[in-house]
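*Asks:* Sequence first, predicted coordinates after that:
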Amino acid sequence: MSEVKLSAETRTEFGKGAARRIRRDNKVPVVLYGHGSDPLHLTLPGHDLLLALRTPNVLISLDIDGKSNELAIPKAVQRDPLKGFLEHVDLLLVKRGEKVTVEIPVHVEGELAPGGNLLEHVLDALPVEAEATHIPEQVTVSVEGLAAGASIHAKDIALPNGASLAVDEDAVVIQVLAAQAEETEGEGAEGEEAAEA
């Protein structure tokens, strides 16, 4: 996993008014915490941070006021519900070699067995423990030829070297549901007849 380097500035203003002023300057209010240290309030360049957060669990190298460098991963991201811009980000302080628990997106490939069955993602992301500097970007699961009733458990998914499950190994990640289109069509027709009567 690559590191994204961002320049951070410490901030001393807090509250809604201060946050609005920061966002008007195309920056994002950020809190960096972890390792038992006091939370550090920062501002980061908005556009650069937005691009960095496109990669799940991105490793961010922070140059704080040109004085210190810290590594962090995103922990919580608040976006404007309508416009989608970043309102606030919480970053978790990490160290090289340290293990962290993160959720990795599950990518599905392959075609289900014929029959119009449905694929249900019980878990969109798989909780794993991995070294902070080697967090996998995603795990890939093949559903090739799976029929109704089949399921893929956490223990069935091959993890990259150094990563281990942080969830019950019997947890269902993906399951195949039988198609129910015929029943739905029948119910719809009965409903129409009842409405006409």
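*Replies:* That came in fine, so what should we check first? Numbering: from 1, shown residues only.

*Asks:* Show me where the chain dips below the pLDDT cut-off.
*Replies:* Scanning the chain with the threshold set as pLDDT under 70 gives 1-2, 181-197.

*Asks:* all strands for the chain, in order.
*Replies:* 3-10, 27-34, 37-45, 59-64, 68-79, 86-94, 99-109, 118-121, 125-131, 139-142, 151-153, 164-165, 172-177 (DSSP state E).

*Asks:* Out of the ones you listed, flag the one nearest residue 53.
*Replies:* Closest approach to residue 53 among the strands of the chain (CB to CB): strand 68-79, 6.1 Å. Every residue, glycine included, has its C-beta placed from N, CA and C.

*Asks:* Using PDB, list the CA coordinates for the closest one.
*Replies:* In PDB, the C-alpha atoms belonging to strand 68-79 read as follows (Å, rounded to 0.1, in the frame of the first residue of the first chain):
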ATOM      1  CA  SER A  68       7.000  16.400  12.800                       C
ATOM      2  CA  ASN A  69       5.900  13.500  10.700                       C
ATOM      3  CA  GLU A  70       3.200  11.100  11.800                       C
ATOM      4  CA  LEU A  71       1.500   8.100  10.100                       C
ATOM      5  CA  ALA A  72      -2.300   7.800  10.300                       C
ATOM      6  CA  ILE A  73      -5.200   5.900   8.800                       C
ATOM      7  CA  PRO A  74      -8.800   7.300   8.400                       C
ATOM      8  CA  LYS A  75     -11.100   6.200  11.200                       C
ATOM      9  CA  ALA A  76     -14.300   8.300  10.600                       C
ATOM     10  CA  VAL A  77     -15.200  10.500   7.700                       C
ATOM     11  CA  GLN A  78     -18.100  13.000   7.800                       C
ATOM     12  CA  ARG A  79     -19.400  14.300   4.500                       C
END
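
*Asks:* packing partners for that strand?
*Replies:* Packed against strand 68-79 by the contact rule (3 or more CB pairs under 8 Å, 6 or more residues apart in numbering; DSSP states H and E) you find strand 27-34, strand 59-64, strand 86-94.
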